[in-house]
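Peer 1: need a 3D model of the following:
(2 chains)
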Amino acid sequence: IAGITQAPTSQILAAGRRMTLRCTQDMRHNAMYWYRQDLGLGLRLIHYSNTAGTTGKGEVPDGYSVSRANTDDFPLTLASAVPSQTSVYFCASKGQGSSGELFFGEGSRLTVL
Amino acid sequence: DQQVKQNSPSLSVQEGRISILNCDYTNSMFDYFLWYKKYPAEGPTFLISISSIKDKNEDGRFTVFLNKSAKHLSLHIVPSQPGDSAVYFCAASPTGTASKLTFGTGTRLQVTL
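Peer 2: Numbering: from 1, shown residues only, chains lettered A, B, ... in the order given. Alright, predicted model coming up:
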């Protein structure tokens, strides 16, 4: 089934550890995004990539990094996790010519202790 | 600075009645608006959108109204069904395929029997 796959589905992590959330799409969409969802704050953009080889900062980029080596994959890395990064993370993509409709993955629930 | 605001965190509506979800925005550069629906443990899914050149867009039971002068949009669901119970996010972006969506904080709709 075409779409976006995120892994892991959920993870508990000790503070200070490094963590990479994986995101793969098979729709050949150019643009990809990472959002975090927190209660009372909605979905906030962390990083984005308009096309392979390029990335940009969103609203809340601190503590996170991304890479876009190819069209399909867009991993999000927490170099040294902190408790405030406990959240649900959603990867999304958008097709060429689309005005705004994003396709989201199922999410990755991360708990940093 | 919350550029897209959903001031009602929750809403309860009886089955068969109308659900009205509201959204306000502050950025006058926004000219494309979307509503997403999110069930627990799933990613958000696109529901309906509207461009600023329109003031209404309808898709089955769902209608979105846009009042540009008031920087306000609303989603009407008629008739409401128990399966509509979810969190609804309003989102906005400027025109352009490279534009990024800004999401509101969400409204949890509960449709009761």
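Peer 1: whichever strand or helix holds A:R36 and chain B, any residue contact?
Peer 2: Per DSSP states H and E, A:R36 falls inside strand A:31-38. Yes - on the criterion C-beta under 8 Å from any C-beta of the partner chain, strand A:31-38 is in touch with chain B at A:A31, A:Y33, A:Y35. No exception for glycine: its C-beta is placed from N, CA and C like everyone else's.
Peer 1: most neighbours, which of these?
Peer 2: Counting neighbours by other C-beta atoms under 10 Å in any protein chain shown, A:Y35 comes out on top of the residues of strand A:31-38 next to chain B with 27 neighbours.
Peer 1: and it, what does it touch?
Peer 2: Contacts for A:Y35 were tallied using C-beta atoms under 8 Å, 6 or more residues apart in numbering or on different chains; they are A:L43, A:R44, A:L45, A:I46, A:G58, A:Y89, A:F90, A:C91, A:A92, B:F103.
Peer 1: cutoff 10 Å now
Peer 2: Residues near A:Y35 by C-beta atoms under 10 Å, 6 or more residues apart in numbering or on different chains: A:42-48, A:58-60, A:87-92, A:102, A:104, A:107, B:43-44, B:101, B:103.
Peer 1: just A:K57 next, same as before
Peer 2: A:L45, A:I46, A:H47, A:Y48, A:Y64, A:V66.
Peer 1: residue boundaries of the strands in chain A?
Peer 2: A:4-7, A:10-13, A:19-25, A:31-38, A:42-49, A:56-57, A:64-66, A:76-78, A:87-94, A:103-104, A:108-112 (DSSP state E).
Peer 1: got the buried residues for the first one?
Peer 2: Buried positions in strand A:4-7, judged by neighbour count with 16 or more other C-beta atoms under 10 Å in any protein chain shown: A:I4, A:Q6.
Peer 1: could you do the last one as well?
Peer 2: If you call a residue buried by 16+ other C-beta under 10 Å, then strand A:108-112 has these buried ones: A:S108, A:R109, A:L110, A:V112.
Peer 1: pLDDT on that strand, on average?
Peer 2: For strand A:108-112, mean pLDDT is 97.
Peer 1: do the fourth one as well
Peer 2: Per-residue confidence for strand A:31-38 averages out to 96 on the pLDDT scale.
Peer 1: again, but for the third one
Peer 2: On average, the pLDDT along strand A:19-25 is 97.
Peer 1: how many other residues sit next to the residue in chain B that chain A sits nearest to?
Peer 2: Among the residues of chain B, B:G43 lies closest to chain A, at 3.3 Å counting by C-beta to the nearest C-beta. Applying other C-beta under 10 Å, we find 22 residues neighbouring B:G43.
Peer 1: my read is it is in a helix, agree?
Peer 2: No - using DSSP: H, G, I helix; E, B strand; the rest coil, the assignment for B:G43 is coil, not a helix.
Peer 1: next one: the residue nearest to B:T26 when sequence neighbours are not counted, what pLDDT does it get?
Peer 2: Closest residue to B:T26 apart from its sequence neighbours, by C-beta to C-beta, 6 or more residues apart in numbering or on different chains: B:Q3 at 5.2 Å. pLDDT for B:Q3: 91.
Peer 1: check contacts around B:Q3.
Peer 2: By C-beta under 10 Å, 6+ apart, the neighbours of B:Q3 are A:E59, B:D24, B:Y25, B:T26, B:N27, B:M29, B:F30, B:A92, B:T102, B:F103, B:G104.
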